[in-house]
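Trainee: predicted model and sequence follow; I will ask about them next.
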Amino acid sequence: MRAVPRTRFLTAVIVLALAGAGFYAVRTVHHVIYWSDPAHRDQAPEGWMTLGYIERSHRLPPRTLGPALGFETDYRRQPLEDIAEARGIPLEDLLAIVRREVEALEP
């Protein structure tokens, strides 16, 4: 009779492992499809974009744009609008700086 709880436990562990693997598989496929679309490549920086998005769009190595811009803080997940506001500079000025750095860093 002790085999029944053990079997349920192992079944639950397997189901959770499969659910986790399925989640990451779907996430990976979505990522590949999204970035394979030419419309998402080499986009001009806009206020809603993050540094990480711009790096992926222009196929730059991760975490290179922030240091190139002289940012000591990791702004990778913050939109450029928020970065400009936090640094007290106009968004258009920040966009111009980002465009110049992207052009300089592109292979």
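Mentor: Structure's in. What do you need?
Trainee: please make it C-alpha for all contacts and neighbour counts, starting now.
Mentor: OK.
Trainee: in the protein, which residue is closest to the centre?
Mentor: Most central in the chain under Cα atoms, centre = their mean is residue 52, positioned 5.0 Å from the mean C-alpha point.
Trainee: make sure it is indeed in a strand.
Mentor: No. Using DSSP: H, G, I helix; E, B strand; the rest coil, the secondary structure at residue 52 is helix, not a strand.
Trainee: who touches residue 48 in this structure?
Mentor: By Cα atoms under 8 Å, 6 or more residues apart in numbering, the contact list for residue 48 reads 79, 80, 81.
Trainee: ah, wrong one, I meant residue 15
Mentor: Contact analysis of residue 15 by Cα under 8 Å, 6+ apart lists nothing.
Trainee: quick one: buried residues of stretch 42-55?
Mentor: 45, 46, 49, 50, 51, 52, 53, 54, 55 (16 or more other Cα atoms under 10 Å).
Trainee: endpoint to endpoint, it covers what distance?
Mentor: Using Cα to Cα, to the nearest Å, the end-to-end distance of stretch 42-55 comes to 9 Å.
Trainee: any idea how far it is from the middle of the chain?
Mentor: Its chain's C-alpha centre lies 10 Å from the corresponding centre of stretch 42-55 when counted by Cα atoms, centre = their mean, to the nearest Å.
Trainee: so which residues make contact with the lowest-mean-pLDDT helix or strand in the chain?
Mentor: Lowest by mean pLDDT, DSSP states H and E among the helices and strands of the chain is helix 65-68, with a mean of 87. Applying Cα under 8 Å, 6+ apart, the external contacts of helix 65-68 come out as 51, 55, 72, 73, 74, 75, 76, 101, 102.
Trainee: mind putting those into JSON lines with distance to residue 35?
Mentor: JSON lines is the format used below for the contacts of helix 65-68 (distance: Cα to Cα, whole Å):
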{"residue": "51", "distance to residue 35": "15"}
{"residue": "55", "distance to residue 35": "12"}
{"residue": "72", "distance to residue 35": "28"}
{"residue": "73", "distance to residue 35": "26"}
{"residue": "74", "distance to residue 35": "23"}
{"residue": "75", "distance to residue 35": "21"}
{"residue": "76", "distance to residue 35": "18"}
{"residue": "101", "distance to residue 35": "21"}
{"residue": "102", "distance to residue 35": "18"}
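Trainee: I'm done for today, thanks for sticking with me.
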